[in-house]
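Q: show me the folded form of this:
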Amino acid sequence: MHVAEREPEADFEPLLQLEMEMGTFLSDWHHCDQLSTFVARMISLNRTDPVRHSNFFSSALNELLEVLFRGGFPDGQIGCAVYRQGPTERVKLTFPCPPRQRHFLNEAVAKARRGDALARYLDSISTDLAPTRDAVLLDLTINFDALIHLEDSAPSSITLVVDLPLEGIVT
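A: Numbering: from 1, shown residues only. Down below sits the predicted model:
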């Protein structure tokens, strides 16, 4: 894992943006897979290996959407925007977030950025029966070399920002 500075938003080219009512999103678990597959196919066409890129991106976005699904609140909207700069895709998920959820996300993102993230991730996957929401963020940091941070949005919303350098992943 490496810790790098985030690139300014102006350096990223917008690729795709969509919005959905949270109640609709939360009404069916399959929305996570459907949205991630659609978005991945749309943005992967001009990559070096479009199928590989689509698979990686879809997996990462699906995990992020499942984090929202497990802790989501039915009021408001979910917004998903994808940007690109060179080998990196930036995903911005904006969603309703009450104070208790905001505290959890701040803690989870902080844990994913700490130096012991690998040890915590390995412990998590060896002891948990199902991945926890913070384990998912650790997974993205470790396995996708993701940089994750939060941005404040409207008073009752938050934006989860994830930079995924997928073109640089060596399999």
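
Q: what's the following helix or strand after whatever helix or strand F25 lives in?
A: Assessed by DSSP states H and E, F25 sits inside helix 22-26. Next helix or strand after helix 22-26 toward the C-terminus (DSSP H and E): helix 30-43.

Q: list of residues touching that next one?
A: Applying C-beta atoms under 8 Å, 6 or more residues apart in numbering, the external contacts of helix 30-43 come out as 15-16, 18, 20, 24-25, 53-55, 57-59, 61-62, 65-66, 69, 80, 82, 84, 89. C-beta coordinates here come from the backbone N, C-alpha and C atoms, glycine included.

Q: what is the worst-scoring helix or strand of the chain on mean pLDDT packed up against?
A: Of all helical and strand segments in the chain, the minimum by mean pLDDT, DSSP states H and E falls on helix 117-127, at a mean of 72. Based on contacts counted as 3 or more C-beta pairs under 8 Å, 6 or more residues apart in numbering; DSSP states H and E, the elements that helix 117-127 packs against are helix 133-143.

Q: now the angle from the least confident helix or strand of the chain to helix 133-143?
A: 120 degrees (axes from the mean of the first three to the mean of the last three C-alpha atoms, to 10 degrees).

Q: quick one: buried residues of helix 117-127?
A: Within helix 117-127, the residues scored as buried using 16 or more other C-beta atoms under 10 Å are A117, R120, Y121, S124.

Q: reformat those residues as CSV; add distance to Q101.
A: Output for the buried residues of helix 117-127, formatted as CSV (distance: C-beta to C-beta, whole Å):
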residue, distance to Q101
A117, 21
R120, 21
Y121, 22
S124, 20
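
Q: need the strands for the chain, in chain order.
A: 13-21, 77-85, 88-96, 147-152, 157-164 (DSSP state E).

Q: least reliable of the ones you listed going by mean pLDDT?
A: Lowest mean pLDDT of those: strand 147-152, a mean of 91.

Q: so which elements touch that strand?
A: So strand 147-152, by 3+ C-beta pairs under 8 Å, 6+ apart, packs with helix 99-113, helix 133-143, strand 157-164.

Q: so which of the ones you listed comes closest to F73?
A: Of all the helices and strands packed on strand 147-152, it is helix 99-113 that lies closest to F73, at 7.4 Å by C-beta to C-beta.

Q: need the helices and strands packed on strand 147-152 in CSV (columns: distance to A40 and mean neighbour count).
A: Output for the helices and strands packed on strand 147-152, formatted as CSV (distance: least, C-beta to C-beta, whole Å; neighbours: other C-beta atoms under 10 Å):
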stretch, distance to A40, mean neighbour count
helix 99-113, 22, 15
helix 133-143, 15, 21
strand 157-164, 11, 20
